[in-house]
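Asks: Fold the stuff below for me.
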Amino acid sequence: MKTLWRNEEFSNKVRTAKEVIMFEVFELGNVDIPDTVYQNYIVPNKKHLQSCGFSEAINRIELFANEENALCLNKDQDLLDKEPEQCEQFANDILSIVKAITGINVKYVLWLADKQAVKQFYGGNDENILEYETSHIILSNLGWQGYLFGYTDMPHPVEKQPYSNSN
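Replies: Down below sits the predicted model:
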């Protein structure tokens, strides 16, 4: 499995998928999560998802997958405080659709990026940057700035192997 990096001092310690999705979308206004899920999971499987009863979830995600709509819906950036049940339902919609398509029940997420990107964007250095295995479940793709990966089990840093010179 491929590995990427994160700055544990910069990154929020919360790793549960639902909480991170709610924070990213409704506190930070990150529309890339609903957009990535819409483009990668819903669009190619829309008819199947609709036949499985996901029409309302698809509609909610479509609203936030459009940046202009998301900005209007979340203009005060306090929707999480005003409508926590709706925000939680939205996060559940995202996770339910991912599970319906992949069969994987995502419980945890991590933002990971290339080591140089972590240093540049997130103030990391070799002492506070940790390496993690990626996942094939991608909930957000910000390119060089990082990816939000989904996991069934709590991800842990890759243990560094001691260097051995076996010449």
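Asks: quick one, what contacts the residue nearest the centre of the chain?
Replies: Closest residue to the average C-alpha location of the chain: Leu148 at 3.6 Å, with C-alpha atoms, centre = their mean. Contacts for Leu148 (C-beta atoms under 8 Å, 6 or more residues apart in numbering) come out as 20, 24, 33, 36, 109-111, 138-140. C-beta here means a position set from N, CA and C on the backbone, and glycine is covered the same way.
Asks: which strands and helices sit next to the one helix or strand Lys119 maps to?
Replies: In this structure, Lys119 is located in helix 115-122 according to DSSP states H and E. Under the contact definition 3 or more C-beta pairs under 8 Å, 6 or more residues apart in numbering; DSSP states H and E, helix 115-122 sits against strand 3-7, strand 129-133.
Asks: Figure out which of these is closest to Tyr122.
Replies: Relative to Tyr122, the nearest member of these by C-beta to C-beta is strand 3-7, separated by 4.4 Å.
Asks: which residues touch the closest one?
Replies: With C-beta under 8 Å, 6+ apart as the test, strand 3-7 has contacts from 110-115, 118, 122-124, 128-134, 146-147, 158.
Asks: now the residues you listed: which count as buried?
Replies: Neighbour-count burial (16 or more other C-beta atoms under 10 Å) applied to the contacts of strand 3-7 gives 110-114, 118, 122, 124, 129-130, 132-134, 146-147.
Asks: list the buried ones in the longest helix anywhere in the chain?
Replies: What stands out as the longest helix in the chain, according to DSSP state H, is helix 84-102. By neighbour count on 16+ other C-beta under 10 Å, the buried set for helix 84-102 is 87-88, 90-91, 93-98, 100-101.
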